[in-house]
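Novice: Here's a sequence, model it:
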Amino acid sequence: MKLIVVIYLLISAFAGVAQDFKELSWSELAPKVEFDDPFTKLSSEQLYNLSQVAKYRERVAAIDTDSRIKKQTKIDSLEQQLQAEGVNIDNLLDMRAKIGELRKEKAETVNTALDNTTISLSGYLLPLDYVDEKSTEFLLVPWVGACIHTPPPPKNQIVYLKYEKGFKVNSRFEAVTIKGQIQLKDKISQLFLVDGSDDISTGYSVLDADISKYEQ
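Specialist: Numbers count the residues shown, from 1 in each chain. From the prediction side, this is the model:
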């Protein structure tokens, strides 16, 4: 009878440990930073035309008179077109710096509620080093190609991993599930590419990660 009780307690203990992992989605790593971004309401053509107007206004002082007249005619046409479409050129250009700051904040803000939480998160593994066909340091990214074939995600969408035992990876971007204690930790890692290297910023770290192949 005592043996049964002991076994039951052990099973309960292991079950409790398993339930302690908070299963995360990538969206939870990026807390919402709400703001009205007027540039998202413009079409790609309007964004391009607005950029041409902005570039001209910034460089007009350095343009000689003859070139300025020719260029001014084109810019006047673009401005008239934008105004006819209801685009407030001056207002948008004045807001560029502020919107840029808000976009940067949105890209870099981490979820402070997750600090030191034991989590489970699935993604794609990007090795940073190789030792005897194994890697001990990785980046966990939300999609295939991130940081290599496409620009790096925001730092609140990349997790730096440390796995002392080493994990054998068959290829870059292997689908895995990681478990461990996540920490808010700014870090820059050097990722070696075919044509050089790149510094990748991360906002989260799991320094004693448990890594397993992803299973649906």
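Novice: Could you pick out the longest strand of this protein?
Specialist: Identified as the longest strand of the chain according to DSSP state E is strand 174-193.
Novice: quick one: residue 34 and residue 125, what's the gap?
Specialist: Residue 34 is 32 Å from residue 125, where distance means CB to CB, to the nearest Å. Yep, even glycine has a C-beta here, placed from its N, CA and C like the rest.
Novice: Give me the more crowded residue out of these two.
Specialist: The neighbour comparison of residue 34 against residue 125 (other CB atoms under 10 Å) goes to residue 125, with 23 against 7.
Novice: element containing the closest residue to residue 132 other than its chain neighbours, please.
Specialist: Spatial nearest neighbour of residue 132, excluding adjacent residues (CB to CB, 6 or more residues apart in numbering): residue 166 at 7.4 Å. For residue 166, the host element (DSSP states H and E) is strand 159-168.
Novice: For that strand, which helices and strands make contact with it?
Specialist: For strand 159-168, the elements it packs on are strand 117-127, strand 134-141, strand 174-193, strand 196-206, strand 210-213, judged by 3 or more CB pairs under 8 Å, 6 or more residues apart in numbering; DSSP states H and E.
Novice: Please write out the alpha-carbon positions of the shortest one in PDB.
Specialist: Pointing back at strand 210-213 there. Extracted as PDB, the C-alpha positions of strand 210-213 are listed here (Å, rounded to 0.1, in the frame of the first residue of the first chain):
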ATOM      1  CA  ASP A 210      15.800  22.000 -23.000                       C
ATOM      2  CA  ILE A 211      15.500  21.500 -26.800                       C
ATOM      3  CA  SER A 212      13.400  18.800 -28.500                       C
ATOM      4  CA  LYS A 213      12.200  18.300 -32.000                       C
END
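Novice: coming back round to it: wait, the residue nearest to residue 132 sits on residue 138?
Specialist: No. Residue 166 is not in contact with residue 138 according to CB atoms under 8 Å; the separation is 10.6 Å.
Novice: Of these two, which one has the most company?
Specialist: residue 138 (27 against 16).
Novice: Surely that one touches residue 126?
Specialist: Yes. Under the criterion of CB under 8 Å, residue 138 makes contact with residue 126 at 6.1 Å.
Novice: average pLDDT across stretch 170-178?
Specialist: Per-residue pLDDT over stretch 170-178 has a mean of 88.
Novice: Show me the domain layout of this protein.
Specialist: The record's domain parsing of the chain by automatic domain parsing lists 22-32+111-213, 38-107.
Novice: First-to-last residue distance for the first one?
Specialist: This points to domain 22-32+111-213. 18 Å (CA to CA, to the nearest Å).
Novice: what stretches of this protein score poorly on pLDDT?
Specialist: Along the chain, the model assigns pLDDT under 70 to residues 1-19, 33, 35, 60-70, 194-196.
Novice: so how far is residue 22 from the nearest residue to residue 208 once chain neighbours are set aside?
Specialist: Of all residues not flanking residue 208 in the chain, residue 180 sits nearest, at 5.5 Å (CB to CB, 6+ apart). According to CB to CB, residue 180 stands 11 Å off from residue 22.
Novice: can you check residue 174 too?
Specialist: Per CB to CB, residue 174 is found 23 Å from residue 22.
Novice: What of residue 102?
Specialist: 29 Å.
Novice: same deal with residue 49?
Specialist: In terms of CB to CB, residue 49 sits 47 Å off from residue 22.
Novice: Which one's more surrounded, those two?
Specialist: Per other CB under 10 Å, whichever of residue 49 and residue 22 has more neighbours is residue 49, with 21 against 14.
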